[in-house]
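Enquirer: Here is my input; please provide its structure:
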Amino acid sequence: MVVKPPANSIGRAYYDFVHAEDLSADGLIASSDTSAREDIYRVLSGDEIWLADRLRDIHDLQHVMTGYGRDPVGELSLLSFMKTQTPNRGISFIVWIAKWKYLREVPQFDVRPLIREGAQIARQATWMAEIEWEERLAEPIDAVRSELGFQPPHRYQRLREQAPQLLLRREAISSSATLRRVL
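Expert: Predicted structure coming up:
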């Protein structure tokens with residue numbers, strides 16, 4: 001029997017997020033099990049393996065704590081947060097490619113302020129990998145966000161509230177007037 005964590009807790013927010021998105025920890029691990037990953041792990045120290053696994057395992061919790069959704073803009077903003085908290089050339093490259101892809105394909109939708117916002121939130125927040133989240137799941141999410149320096153992603157929230165269709169890149173092209181009002 002699965003017991004739901006207390007209302008307004010980190011655990012409840014995480015529970016609600018993974019159920020709404022139809023996610024599972026097993027699915028996350030399975031999606032990262034590749035032969036390339038095994039090759040990389042062969043050359044890593046025990047501490048480096050722990051960090052790599054920890055960062056993989058808290059990805060969805062990063063969504064919950066930052067407030068970024070799983071839509072393309074939310075993922076891009078979260079990747080900016082992640083690469084700022086734990087510098088990673090691979091993630092930096094993904095953010096760079098996505099930024100230029102948006103600028104080229106949807107020039108009226110400048111994602112750079114959203115990327116900067118993700119980085120700014122990351123700089124102000126405590127490094128997520130070092131927090132013992134398993135011990136904090138019952139705590140009130142808003143209090144923990146405040147304690148750890150997580151600022152709300154105002155630009156992203158405004159976009160999500162006022163023009164949710166713009167979160168899907170292909171929709172942004174036909175909604176440029178709305179975009180100018182929101183951003």
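Enquirer: name the element the residue nearest the centre of the chain belongs to?
Expert: For the chain, the residue nearest the mean C-alpha position is Leu78 (3.1 Å; CA atoms, centre = their mean). According to DSSP states H and E, Leu78 maps onto helix 72-85.
Enquirer: Would you mind measuring the gap between the ends of stretch 129-147?
Expert: The first and final residues of stretch 129-147 sit 16 Å from each other (CA to CA, to the nearest Å).
Enquirer: From the contact counts, what lies against the helix holding Leu78?
Expert: helix 59-66, helix 89-105, helix 112-124, helix 154-162 (3 or more CB pairs under 8 Å, 6 or more residues apart in numbering; DSSP states H and E). For glycine as for every other residue, the C-beta is placed from the backbone atoms N, C-alpha and C.
Enquirer: ok, 6 Å please
Expert: In this structure, helix 72-85 packs against helix 89-105, helix 112-124, with contacts taken as 3 or more CB pairs under 6 Å, 6 or more residues apart in numbering; DSSP states H and E.
Enquirer: Check what pLDDT Ala30 gets.
Expert: Note on Ala30: pLDDT of 66.
Enquirer: on that earlier part again, weakest of the helices and strands packed on helix 72-85 by average pLDDT?
Expert: Across those, helix 89-105 gives the lowest mean pLDDT, at a mean of 93.
Enquirer: Just name the most buried of the helices and strands packed on helix 72-85.
Expert: helix 112-124 (a mean of 18; mean count of other CB atoms under 10 Å).
Enquirer: Report how many residues lie close to Glu161.
Expert: Per other CB atoms under 10 Å, the neighbour tally for Glu161 reads 9.
Enquirer: returning to what we had before: can you give me how far the helix holding Leu78 is from the chain middle?
Expert: Put simply, helix 72-85 sits 5 Å off its chain's centre (CA atoms, centre = their mean, to the nearest Å).
Enquirer: Likewise for stretch 70-78?
Expert: That offset, for stretch 70-78, works out to 6 Å (CA atoms, centre = their mean).
Enquirer: Stretch 3-16 too?
Expert: The chain centre lies 18 Å from the centre of stretch 3-16; the measure is CA atoms, centre = their mean.
Enquirer: Quick check: mean pLDDT of that stretch?
Expert: pLDDT averaged over stretch 3-16 gives 92.
Enquirer: Can you check the distance spanned by that stretch, start to finish?
Expert: Stretch 3-16: ends 12 Å apart by CA to CA.
Enquirer: and Glu117, what does it touch?
Expert: Pro153, Arg155 (CB atoms under 6 Å, 6 or more residues apart in numbering).
Enquirer: Alright, I will stop here.
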